[in-house]
Every structure is written in C-alpha cells, then in structure tokens.
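1. need the 3D shape of this:
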Amino acid sequence: MRVSDSVIFQNATQNTQAAESAVQRATEVASTGLKVQTPSDAPSAAGLIVTYSMQSSRYTAIASGAQAASSELSAASSALNDISTQLSQAKQLAMEYASSGTSQQSAAGVTQANSILSQILADLNTSFGNRYLFGGTLDGAPPFDAAGNYQGNASVRQVEIAPGVYEPSSVDTSTSILGSGGGTNVVTALQSLSTAIASNDPTQVQAVISSLDASINQVAGASAQAGVSMSTFNSAVTTATQTASNYTKATSNLSDADVVASSIALQAAQTALQASLSATAQSFKLSLVDYLPSERGGDEGRRATGSGDGVPGGGARGGDPGPAPAARWRRPARPHRHPARARARLS
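-> Residues are numbered from 1 along each chain as shown. Got it, this is the predicted structure:
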C-alpha cells in the first residue's frame with residue numbers, strides 16, 4: 001500500500017510539533033528552575049505543592065506569633081520581678097513602722113510608701129511595642145491611672161503554638177494584681193500601707209503586712225506562670241520553624257528542577273528536534289521525476305499498449321497518435337517443410 005504525500009507531511013508535522021513542544025518545555029524548566037509551573041505539568045505534584053506551601057506559611061505564622069508572645073512575656077516578667085522587689089521593700093517598711101513609730105518618721109514613711117506605689121504603677125503600665133502588657137485585651141492605652149484605678153479588662157490574650165492549640169500570652173492582671181476570685185488587690189494594699197503609716201498606728205500597719213505577703217505571693221505566681229508560658233512559646237518557635245522548613249523543602253523537591261538533569265533534558269530535546277527536522281527534510285527531497293516511470297519502462301509500456309496515455313491507437317492526450325514507434329529488426333522465419341517430403345528427399 002502506497003503512503004500518500006499528505007500522510008507523510010501530516011506525520012512529519014506532528015512529529016516536529018511534538019519535538020518543538022518538548023524543547024520549549026525543557027527550556028522553561030532550565031531557565032526558571034521549576035519543573036512544575038502549572039497544574040497540567042504534574043497534577044498530583046501540583047496539589048501537594050499547594051498543600052505544602054499552605055502548611056509552611058501557617059507554621060511560619062505560628063512561629064512568628066509565638067516569638068512575639070515570648071518577647072512580650074519577657075518584658076512582662078521583668079516588670080513583675082521589679083514589682084516583687086518593690087513589694088518586698090514595702091513589707092520591710094511596714095515591719096519597721098509596726099514595731100514603733102513617731103510623727104517625724106511617719107512623714108518619711110508615707111513618702112517612701114507612695115514612691116513604692118508609683119513605681120509599681122509604672123511597672124503595671126509597661127508597654128512592648130504598641131501594646132500595654134497588663135491591660136488584658138484593652139492594650140491600646142495605659143491600664144492604670146495615677147490614682148491606681150484599673151482601665152483594662154479581665155481577658156487574657158492567647159497565641160497559637162500549634163494548629164488548634166493555644167497558650168496564654170499575657171498576664172492575668174485581674175487575678176495576680178487586682179486579686180479577683182478571693183485574692184488581694186496589690187494596689188489597695190500599698191495604699192493601705194501609706195494610710196496606716198500616716199496614722200502613726202503600729203497596729204494598723206501590722207494589719208497591712210498580711211496583705212503585702214499575699215500580694216508578694218500573687219505576683220510570684222504570675223511571674224512563674226509567665227516563665228512557663230515563655231518556655232512553651234520558645235519550644236513552639238523551634239518546632240514550628242523546623243516544621244515550616246520541612247514543608248518548604250518538600251515543596252522544593254516537588255517543584256524545583258535539578259540543574260544538571262534539566263540541562264541534559266534540554267540538550268536531548270534539542271537533539272530530538274534536529275533529528276525530526278532532518279528526517280522531514282530528507283523525506284521531501286524526492287522530486288516528481290522520482291515518482292514517474294523510467295524512460296525504458298515508459299517506452300516499453302507505450303509499445304505494449306500502442307498508446308502514450310492509455311488510449312488505444314493514440315499517443316498523446318486528445319487522440320494524437322504521436323510519433324510511430326521505431327522499427328525493430330526480426331530474424332526471418334525459416335520455411336515450413338512437410339515431414340513426408342523431407343523423408344522422400346532423403347531417400
């Protein structure tokens with residue numbers, strides 16, 4: 001079965017287009033360094049790339065939030081440590097005035113007690129960045145005014161340390177400072193100390209000492225909780241950072257192309273394209289003469305049919321007999337002899 005020129009051309013075109021597409025694809029991979037650029041390149045890998053990228057971004061955000069929370073708690077912990085120091089000084093002052101007191105000493109004691117209260121209020125108004133650390137979720141303004149009135153709320157901010165897992169990221173001021181739930185109000189205890197010293201009444205001063213002890217314990221508990229939360233956040237930062245890195249590497253393994261392999265693939269695709277173009281050109285080097293009968297075969301065909309175009313008695317198209325075929329020499333036939341006469345002659 002003869003293959004027509006149109007079939008040859010169609011096959012050659014398809015092969016060349018496929019080779020060109022392979023070169024284009026290999027060039028894109030080699031130039032961008034990405035072996036998966038669109039979902040059609042590798043549907044399953046593309047889906048995993050999207051999933052891994054989202055997970056990497058989420059864990060990166062978790063690490064960032066946990067790091068910020070740890071830094072804020074560090075600042076809050078420093079403030080709580082200073083409050084503990086100030087409360088210890090206040091207790092020492094109370095013990096001095098509880099044993100004996102004079103009017104002259106009382107004035108100095110009141111001044112000292114008020115100074116301690118002012119320092120503690122300054123610590124309670126500590127800010128980190130643009131956030132006040134002891135105001136609960138109302139952290140846009142100082143939580144305590146000059147008179148010691150609380151302007152914040154009882155809420156505690158929480159930060160994600162793992163997908164769906166949260167850890168307190170602020171000090172519970174309502175419990176540790178204001179004494180909610182049966183505790184002692186630290187600010188009130190210091191104000192009571194100042195009033196008791198001003199009254200020059202050792203008994204009244206003695207009554208404040210127990211409140212100061214409770215205040216010291218509350219602040220120490222808040223400081224310990226801040227330390228535990230800081231450790232938790234630091235661990236979360238390490239874990240989330242490593243997990244995000246793992247997802248990033250997995251994404252890179254799926255999407256990034258190997259430099260050496262992509263270069264080899266590009267060279268192979270270019271070689272295949274050149275081979276396809278060469279084969280196509282070679283197949284179309286044959287001219288129409290290569291498809292016509294040979295000169296000898298054509299003459300014999302015309303002598304056999306008596307025509308040049310398949311028309312009996314005619315040569316050229318249109319009934320023209322064309323030139324007469326050249327005469328061919330034949331050997332003369334020998335005369336026929338009867339067998340009986342031949343035998344008689346021999347006898």
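2. all helices for the stretch 101-250 of the chain, in order.
-> 103-124, 173-176, 186-199, 202-255 (DSSP state H, counting those that start in this stretch).
3. any idea of the mean pLDDT for the second one?
-> In this model, helix 173-176 has an average pLDDT of 94.
4. in the protein, which spans are strands?
-> Remark: strands assigned in the chain by DSSP state E are 127-128, 131-132, 158-162, 165-168.
5. can I get the ones you listed in JSON lines including distance to Q206?
-> Yep, even glycine has a C-beta here, placed from its N, CA and C like the rest. Converted to JSON lines, the strands of the chain look like this (distance: least, CB to CB, whole Å):
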{"stretch": "strand 127-128", "distance to Q206": "37"}
{"stretch": "strand 131-132", "distance to Q206": "35"}
{"stretch": "strand 158-162", "distance to Q206": "41"}
{"stretch": "strand 165-168", "distance to Q206": "36"}
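6. quick revisit: turn the helices of the stretch 101-250 of the chain into CSV, including mean neighbour count and distance to A268.
-> Output for the helices of the stretch 101-250 of the chain, formatted as CSV (neighbours: other CB atoms under 10 Å; distance: least, CB to CB, whole Å):
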stretch, mean neighbour count, distance to A268
helix 103-124, 17, 71
helix 173-176, 22, 69
helix 186-199, 22, 77
helix 202-255, 18, 22
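7. what's the closest of those to M95?
-> Closest approach to M95 among the helices of the stretch 101-250 of the chain is made by helix 202-255 (6.6 Å; CB to CB).
8. that closest one packs against which elements?
-> helix 43-99, strand 158-162, strand 165-168, helix 173-176, helix 186-199 (3 or more CB pairs under 8 Å, 6 or more residues apart in numbering; DSSP states H and E).
9. nearest to S223, out of those?
-> Taking these one by one with CB to CB, helix 43-99 is closest: 4.2 Å.
10. okay, angle between that closest one and helix 186-199 too, please.
-> Angle between the axes of helix 43-99 and helix 186-199 is 10 degrees (criterion: axes from the mean of the first three to the mean of the last three CA atoms, to 10 degrees).
11. contacts for stretch 116-131?
-> Stretch 116-131 is contacted by residues 71-72, 75-76, 78-80, 82-83, 86-87, 89-90, 93, 132-134, 139-140, 142-144, 146, 148, 173, 177, 186-187, 190-191, 194 when judged by CB atoms under 8 Å, 6 or more residues apart in numbering.
12. ok, now with 7 Å
-> Here stretch 116-131 makes contact (CB atoms under 7 Å, 6 or more residues apart in numbering) with 71-72, 75-76, 79, 82-83, 86, 89-90, 132-134, 139, 142-144, 148, 177, 186, 190-191, 194.
13. ok so, going back, and the strands of the chain as TSV, adding distance to A244 and mean pLDDT?
-> Listed next are the strands of the chain as TSV, based on distance: least, CB to CB, whole Å; pLDDT from 0 to 100:
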stretch	distance to A244	mean pLDDT
strand 127-128	25	94
strand 131-132	25	94
strand 158-162	12	95
strand 165-168	16	94
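14. can you add distance to A113 and mean neighbour count and give those back as JSON lines?
-> Shown next, in JSON lines, are the strands of the chain (distance: least, CB to CB, whole Å; neighbours: other CB atoms under 10 Å):
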{"stretch": "strand 127-128", "distance to A113": "26", "mean neighbour count": "17"}
{"stretch": "strand 131-132", "distance to A113": "25", "mean neighbour count": "18"}
{"stretch": "strand 158-162", "distance to A113": "36", "mean neighbour count": "19"}
{"stretch": "strand 165-168", "distance to A113": "32", "mean neighbour count": "14"}
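15. please identify which of these is closest to T232.
-> For T232, the closest of those is strand 165-168, at 5.2 Å, according to CB to CB.
16. show me what the closest one is packed against.
-> Judged by 3 or more CB pairs under 7 Å, 6 or more residues apart in numbering; DSSP states H and E, strand 165-168 is in contact with strand 158-162, helix 202-255.
17. okay if I get the ones you listed as TSV plus distance to S57?
-> Listed next are those as TSV, based on distance: least, CB to CB, whole Å:
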stretch	distance to S57
strand 158-162	13
helix 202-255	8
